[in-house]
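Colleague: Sequence plus the predicted model coming up.
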Amino acid sequence: MKKYWELFFVFFKLGAFTFGGGYTMVPLIRNEVVEKRRWIEEEEFMDTLSIALSAPGPIALNTALFVGNRRLGFKGSLFSAAGVILPSFLIMLLIAIVLTQFKDNAVVESIFKGIRPAVVALIAAPLFSLGKSAGVKLKNIWIPAVATFTVWWFGVSPIYIVLAAILLGVFHLSWLKRIFRK
């Protein structure tokens, strides 16, 4: 039972002390489960992250579910999910109770406007380390750049980008297999 609570508290800590959402949690989760605790390998984390990104739901929750399941099975996924969800739930409950009294306060509004640039930086910084782990280099940086531009400029749903990437990957793999058979 001690291992389950360890899993819970690791994800509780990550959920409680990370501001900015799931994308800001990813490098912290990676650091905790790959480097510090060595629960999973780097390559397996990247595979887990790919699945978590393409699955519906919050990325931090999906990642916690996959890591918990990999570590301790179904019960592990429940403990890790509860750990990552509970801090947000408690904080939102507190905000709903306390801040609704101050919703029109100029100071509170200014604080939240001031936090926005920090959140952007917290999301942008992990992209570089994730890109490095995912194998993004100068020769293939055009792929995420085109995907980002397509979503931003043309308003294409990221779902279509993911589906197109899957199809292109399948065609590329079958093309490589055909070439190496000759």
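Modeller: Perfect, I can see it now.
Colleague: Now residue 60. Nearest residue, chain neighbours left out?
Modeller: residue 22 (3.9 Å; Cβ to Cβ, 6 or more residues apart in numbering). For glycine as for every other residue, the C-beta is placed from the backbone atoms N, C-alpha and C.
Colleague: Pretty sure the one you found sits against residue 58.
Modeller: Yes: in terms of Cβ atoms under 8 Å, residue 22 counts as a neighbour of residue 58; the distance is 5.2 Å.
Colleague: which of the two has more neighbours?
Modeller: When residue 22 and residue 58 are compared for neighbours, residue 22 comes out ahead with 20 against 16, by other Cβ atoms under 10 Å.
Colleague: how near is that one to residue 67?
Modeller: Distance, residue 22 to residue 67, using Cβ to Cβ, to the nearest Å: 13 Å.
Colleague: how about the helices of the protein, start to end?
Modeller: Remark: helices assigned in the chain by DSSP state H are 2-16, 22-30, 42-54, 59-98, 106-133, 142-154, 158-181.
Colleague: so which of these gets nearest residue 36?
Modeller: For the helices of the chain, distance to residue 36 was read as Cβ to Cβ. The smallest value, 9.0 Å, belongs to helix 2-16.
Colleague: picking up where we left off before, spell out which residues sit in contact with the residue nearest to residue 60, please.
Modeller: 58-61, 63 (Cβ atoms under 8 Å, 6 or more residues apart in numbering).
Colleague: in the lowest-mean-pLDDT helix or strand in the chain, what's buried?
Modeller: Ranked by mean pLDDT, DSSP states H and E, the weakest helix or strand in the chain is helix 106-133, scoring a mean of 79. For helix 106-133, a neighbour-count test (16 or more other Cβ atoms under 10 Å) marks 122, 126-127, 130, 133 as buried.
Colleague: where's that helix relative to the chain centroid, distance-wise?
Modeller: Relative to its chain's centre, helix 106-133 lies at 14 Å (Cα atoms, centre = their mean, to the nearest Å).
Colleague: Tell me the spacing between residue 72 and residue 35.
Modeller: 19 Å.
Colleague: Looking at those two, which one has more neighbours?
Modeller: Neighbours around residue 72 and residue 35, counted as other Cβ under 10 Å, are more numerous at residue 72. The numbers are 18 against 10.
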